[in-house]
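> Make a model of this:
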Amino acid sequence: MISVLVVDDDFMVASIHQRFVAQTDGFEVVGSARTGAEALALVDQLHPDLVLLDVHLPDISGLEVLARLRADGSRTGVVMVTAERDADTVRRALHGGAMQYLVKPFTYDDLAARLAQVAAAMQELAPGSTDQDTIDRFFGTTRQAPRPPTSLPKGLSSETGQLVLDALAGGVELSAAEAGERLGLSRVSARRYLEHFVTTGEAQVRLQYGAGRPERRYRNVATA
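Residues are numbered from 1 along each chain as shown. I've put the predicted structure just below:
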C-alpha cells in the first residue's frame, strides 16, 4: 500500500481528497494537515510515501513545503493539488520535484489517473539500478524509432541509397558531384538519389551561390 498524507486548508476539500484516495486500490490515507508547518511535522512523524499538497496554505505555501522536504532529503513523493494555474507556479513545482500537478476542481478519475502514474513510477524506480527505457517512461519521453526505409523509384537501389545517406551523416554537406566521387557514382546518378531523398524529407538542399550557376548542396536531415 502507498501511504498518503493529504494537505489542504479547506476541511471539506481535504475530506473529499481523502475519500478519493481511500477508494483507489493500492493507496491509503495515513493523515491530514491544514497548514504547511503541520504537513512538515506529519511527514517527519508518519513518513508517508506520497503527499497531496495544496499550494495556498495559511502559513507557508505548498511550494515552500516542497522545497523544505527536498532540502531535508525527504524522498516522499509529492502531487500538487491546487486551483493555482500560474505558469511560474507550475514551473517551480516541476523544478522542485513534484511528480504530478492537478488543478482543482477535478474528478475522481482525474486523481486516480495521476495516482496510477505515481504508483507505476514508484514501482519502476525502486532502489537499485534501472535501464534507459524505464527512465524514459518516468520522464515522459520516448526514443524515436528508426525511420523505415522508403521505397525508391525504378532504377535506384536501396543499398546504394543507404550509402548516399550515410555519406551525408554527421552534418556533412555534399554536392551531387562530390557524393558521386565518394561513392563511385556518376554525378547524374548521385543527384537522382539526393533529389529523391529531398522529396521524401530525408535530406535537405541548399543553394550555394558563386561564379556561374548556384550549386545544389545536400545534407542528411537526421544528422543536420
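> And the helices in the protein, which stretches?
11-22, 36-46, 62-71, 87-96, 108-124, 132-138, 158-167, 176-183, 187-200 (DSSP state H).
> and the angle for the longest one with helix 11-22?
Counting by axes from the mean of the first three to the mean of the last three C-alpha atoms, to 10 degrees, helix 108-124 points 50 degrees away from the direction of helix 11-22.
> Which elements pack onto helix 108-124?
Applying 3 or more C-beta pairs under 8 Å, 6 or more residues apart in numbering; DSSP states H and E, we find helix 108-124 packed against strand 2-7, helix 11-22, strand 77-82, strand 100-103, helix 132-138. C-beta: built from backbone N, CA, C; applies to glycine.
> what's next to that helix, contact-wise?
2, 17, 20-21, 23-24, 26-27, 49-50, 77, 79, 81, 99-100, 102, 130, 134, 137-138 (C-beta atoms under 8 Å, 6 or more residues apart in numbering).
> number of nearby residues for the closest residue in space to Tyr193 that isn't next to it in sequence?
The shortest distance from Tyr193 to any non-neighbouring residue, by C-beta to C-beta, 6 or more residues apart in numbering, is to Val164 (4.4 Å). Using other C-beta atoms under 10 Å, Val164 has 27 other residues around it.
> Next: the one 3 residues further on.
Under the neighbour criterion other C-beta under 10 Å, Ala167 is assigned a count of 20.
> That one touches Glu181, doesn't it?
No - taking C-beta atoms under 8 Å as the definition, Ala167 is not a contact partner of Glu181, at 10.2 Å.
> Look up the residues forming beta bridges with the nearest residue to Arg206 once chain neighbours are set aside.
Nearest residue to Arg206 in three dimensions, chain neighbours excluded: Arg217, at 5.1 Å (C-beta to C-beta, 6+ apart). Beta-bridge partners for Arg217, by DSSP bridges, are Ser175, Arg206.
> Fine by me, we can end here.
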